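> generate a structure from the sequence data that follows.
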Amino acid sequence: DMAEPIQQLTRNNSPQERQTIPFTLIHRKEKLGDLLYEKRQYGKAKWACIKMKEKQYEQSICLGFMKLMRYICEQNSSGLYLGITIPIVTIVHTNESQSEMTQAVTVAYYLPEVLQDEPPHPFDSDIIIEEWPSTIVYSR
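Got it, this is the predicted structure:
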């Protein structure tokens, strides 16, 4: 099922073609010279997002990522490979009191700069295009 998107990705995505999302570094945490995480602020932008709720957190992330990869690799209204932006963001959701995590996660793909004004529509109705305000992200 993922053979075509993976072939498309490997044909069209050398490391120099990955677009890093522009951000402002707020904080960097290291231990013994190894990077543990960075706290980053991303500006207002459009993201392709999918919310998944599988039994296991890891399953939700994997399935969400696979659906986004199909969108990136031609299953969109432009019919074109959209290119990879990094990082792909995973949002972990909590209950109303924010005391525990729920099974739901959102996996999100930053649309490349050239697509920000007019993003291609996904064929998969589970994927929605959202405009996020300036956002804080923890990256590792």
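> contact partners of the helix or strand in which residue 61 is found?
Per DSSP states H and E: residue 61 is located in helix 57-72. Contact partners of helix 57-72, identified using C-beta atoms under 8 Å, 6 or more residues apart in numbering, comprise 1-2, 5-6, 9, 48, 50-54, 81-84, 88, 90, 92, 101, 103-107, 109, 122-124, 126-127. The C-beta positions use only the backbone N, C-alpha and C, and glycine is treated the same way.
> name the element the closest residue to residue 55 other than its chain neighbours belongs to?
In this structure, residue 55 finds its nearest non-sequential neighbour in residue 103, 6.9 Å apart by C-beta to C-beta, 6 or more residues apart in numbering. Secondary structure from DSSP H and E places residue 103 in strand 101-110.
> neighbouring strands - and their directions - for that strand?
strand 45-52 (antiparallel), strand 89-94 (antiparallel) (DSSP bridges).
> residues touching residue 126, list them.
50-51, 67.
> out of these, which is most surrounded?
Each of these was scored by neighbour count (other C-beta atoms under 10 Å); the top score is that of residue 50, with 22 neighbours.
> could you check how far the closest residue to residue 82 other than its chain neighbours is from residue 84?
Spatially, and ignoring its direct neighbours in sequence, residue 82 is nearest to residue 72 (4.8 Å; C-beta to C-beta, 6+ apart). In this view, residue 72 and residue 84 are 7 Å apart by C-beta to C-beta, to the nearest Å.
> what mean pLDDT does stretch 67-87 get?
Stretch 67-87 shows an average pLDDT of 92 in the prediction.
> mind listing what's buried in it?
Counting neighbours by 16 or more other C-beta atoms under 10 Å, one finds that the buried residues in stretch 67-87 are 67-76, 81-85.
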